[in-house]
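My questions concern the predicted model and sequence given below.
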Amino acid sequence: MKIMSKCKLLVIAICLISLFSCSRNVHIGYVYDKETKRPLQGVTVSYDNKQVQTDAKGYFSISAEDKANSRLHFYKNGYTSDTIETITTHSGEVIKKTFKDGSDTVYLLKTPVTRKKIVAKFKWPVTPVNFARFYKKNNESGDYSLLIPEGFALTPNKNNGVQVKESPYGYEMKDDTRYITASQFHMAGVDCKIIVYKVNGENDRTVINTQLNSYDKTGKQLDALLLDSRFTFEVIYHRDFLIEQNGKITINLHSKDQYTYNEQGDITGSLNNAPVETSTVVYQLKPNGMFIKIAGDD
């Protein structure tokens, strides 16, 4: 393994071991605070869209596909995140580890506390441009993949029965879905979050959803509105949206057919210049936290 970080201010001390079993690698490590020498619990360790956290003793174990190289990301509030690049062979051989100080540990320090408070002004309106860094499209296959930028983490879903509005294809968050909290803000007197997550669609193709949630003062979720859903199946589908500070949300839904069909519904050919069909719905966030449709087809 090769360390891809220079002297940073956080200190994660970690010993990584690559094990090979059933054509898979397992990265096992130990994370602790450089100053106190105590193990760090709750450090988020991300690898290839998978994520675990260190236990009370500072240990973690995360499986990895047998690929040439990938990166392990370490994040914990109050510490500066770090990245380590792992190198394995296709046969599963263990590669000799190389650390920046010649030992089997990497050191990071706690993030220094600054007394000067800088408050970033939230920019209105909110559009899909704000969330493009959370997903990536393969232009050849059309498949989407979920990305986890530095400083963000996947959170397990705790289903409380809130129905997601504007999800006509049924691609909604499931009990086992994990999501990224991409943005938090106060709008029209209501606390809101925008989350990004992936679900499996037809033939296990990936669907990337961007969703707007509303909450009461205790943090209980009140309502949910699907802002964007991106996938490529028989149709190429995506949305764009505009969220205004007064709580008005405009969503444009775009779809483009890729194939022709016979009366039995079988695919008979490809469409190269099919028109893009677009429809628009408009919602208003009410003071009670509900998203109410004020324009568009029911």
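On my side now, so go ahead. Numbers count the residues shown, from 1 in each chain.

switch to C-alpha atoms for all contacts and neighbour counts from now on
Will do.

can you list the weak-confidence ranges in the chain?
1-25, 64-70, 85-109, 111-121, 159-160, 298 (pLDDT under 70).

So R133 versus F291, what's the distance?
Here R133 is placed at a distance of 26 Å from F291 (C-alpha to C-alpha, to the nearest Å).

next one: V26
Per C-alpha to C-alpha, V26 is found 45 Å from F291.

Neighbour count: the two, which is higher?
Looking at V26 and F291 with other C-alpha atoms under 10 Å, you find the greater number of neighbours at F291, namely 23 against 17.

give me phi/psi at that one?
Main-chain dihedrals, F291, degrees, to the nearest 10: phi -90, psi 110.

How about D176?
Dihedral pair for D176: phi -100, psi 10, per degrees, to the nearest 10.

same question, the one 5 residues further on
Dihedral pair for T181: phi -80, psi 100, per degrees, to the nearest 10.

again with the one 4 residues further on
Taking degrees, to the nearest 10, you get phi -160, psi 170 for the backbone angles of F185.

cool, and the one 4 residues further on?
The main-chain torsion angles of G189 are listed as degrees, to the nearest 10 and equal phi 80, psi 10.

which non-adjacent residue is nearest it?
In space, and not counting its chain neighbours, G189 is closest to P287: 6.1 Å by C-alpha to C-alpha, 6 or more residues apart in numbering.

repeat for N246
Leaving aside its sequence neighbours, N246 sits nearest to A188 (C-alpha to C-alpha, 6+ apart; 5.3 Å).

The one you found - how many residues pack around it?
17.

now V129
For V129, using other C-alpha under 10 Å, the count is 9.

quick one: Q258 from T280, how far?
Using C-alpha to C-alpha, one gets 22 Å for the distance from Q258 to T280.

So which of those two has more stuff around it?
Neighbours around Q258 and T280, counted as other C-alpha under 10 Å, are more numerous at Q258. The numbers are 18 against 15.

Shouldn't A132 be within a helix?
Yes - counting by DSSP: H, G, I helix; E, B strand; the rest coil, A132 falls inside a helix.

D240 versus that one, what's the distance?
11 Å.

out of these two, which sits in the busier spot?
A side-by-side neighbour count of A132 and D240, using other C-alpha under 10 Å, places D240 first with 16 against 10.

I'd like the distance between the closest residue to Y32 other than its chain neighbours and G58.
Leaving aside its chain neighbours, Y32 sits nearest to P39 (4.0 Å; criterion: C-alpha to C-alpha, 6+ apart). Distance of P39 to G58, given as C-alpha to C-alpha: 5 Å.

anything in contact with each of these two?
Residues touching both P39 and G58 (C-alpha atoms under 8 Å, 6 or more residues apart in numbering): 30-32.

No further queries at this time; thank you.
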